[in-house]
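# structure, please.
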Amino acid sequence: MSIKVLLVDDHEIMREGLVALLRRHPEYETAGQASDGRAAVEMVRELVPELVIMDIEMPNLNGIEATRQMMEINPNVKIMALSTHSRRSIVVKMLQAGAAGYMLKESAFTELMEGLKAMTEGRTYLCSKIAKIVFSDYVKMLTNPRWAGGDGLTSREREVLQLVAEGHTTKEIANVLHLSAKTIDSHREHIMEKLGIHNIAGLTKYAVREGLTSP
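Below you'll find the predicted structure:
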């Protein structure tokens, strides 16, 4: 029985390329494709794939928050981040969200297949460049127990931050997240307080730098 794989990337050419490559390996079946994180979360709920290959920088809901929500729906799903980002904070947040693997898009397809195999066997897989970043953080935690990555934002606050940075109004964000406008305003105030950033331009720069949205 083939292993169902969900492909998530906002670039169709990237998804179609992965479909073509996966066809060479009959043990894997492309169960579906999504162009943003919010659609991907619903597909995990409906299609119940074993593996997800996930981009990070996507509209509406980025890969980090999508991963976190997918893990809440199905803790057994294995998620491979496939991204252009090697920034430490982004890698840490993706792994903290529950990803079982992280690879850069510059990696060879053979390495991706090794990663998928490792995840189906219950192992974590990191490409060499990402492994160095993770090891560096591990050493920091051993030598300084008070050290920790992260910005202190909740999952909901990161969702709101991304939508604010993408230019959505309070009313639009409230409709997307099925919350009241007052609640969205409260989230935005908490975000600004936690980050020490008190204008939309600053929040947008932060969101872009942290890989929550594209420039």
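
# please give the element, helix or strand, for residue 211.
Using DSSP states H and E, residue 211 maps to neither a helix nor a strand.

# distance of the closest residue to it other than its chain neighbours from residue 207?
Spatial nearest neighbour of residue 211, excluding adjacent residues (CB to CB, 6 or more residues apart in numbering): residue 90 at 4.1 Å. Glycine gets a C-beta too; all of them are placed from N, C-alpha and C. Remark: distance between residue 90 and residue 207 (CB to CB, to the nearest Å) = 12 Å.

# how about residue 60?
Shown here: residue 60 relative to residue 207, a distance of 13 Å by CB to CB.

# can you pull the buried residues of stretch 3-21?
3, 4, 5, 6, 7, 8, 9, 10, 14, 15, 18 (16 or more other CB atoms under 10 Å).

# do a quick rundown of the strands in this structure.
Assigned by DSSP state E, the chain shows strands spanning 3-8, 28-34, 51-54, 78-83, 101-104, 125-126.

# just the residues contacting stretch 94-101, thanks.
Applying CB atoms under 8 Å, 6 or more residues apart in numbering, the external contacts of stretch 94-101 come out as 54, 56, 63-65, 67-68, 70-71, 75, 78-81, 83, 102, 115-116, 118-119, 123-126, 134, 149-150.

# how far is it from where the chain is centred?
A distance of 8 Å separates the centroid of the chain from that of stretch 94-101, by CA atoms, centre = their mean, to the nearest Å.

# flag every buried residue along it.
For stretch 94-101, a neighbour-count test (16+ other CB under 10 Å) marks 94, 95, 97, 98, 99, 100, 101 as buried.

# among those, which are located in helices?
94, 95, 97 (DSSP state H).

# identify the farthest-apart pair in the buried residues of stretch 94-101.
Farthest apart among the buried residues of stretch 94-101 by CB to CB are 97 and 101. That separation is 12.4 Å.

# list the contacts for residue 22?
Neighbours of residue 22 in contact, by CB under 8 Å, 6+ apart: 5, 28, 29, 30.

# I misspoke; the intended subject was residue 90.
56, 64, 83, 210, 211.

# one step back: ok, and the most crowded of the contacts of residue 22?
Greatest neighbour count in the contacts of residue 22, by other CB atoms under 10 Å, goes to residue 5: 23 neighbours.

# is that one in contact with residue 48, as I believe?
No - if you go by CB atoms under 8 Å, residue 5 and residue 48 don't touch, sitting 11.9 Å apart.
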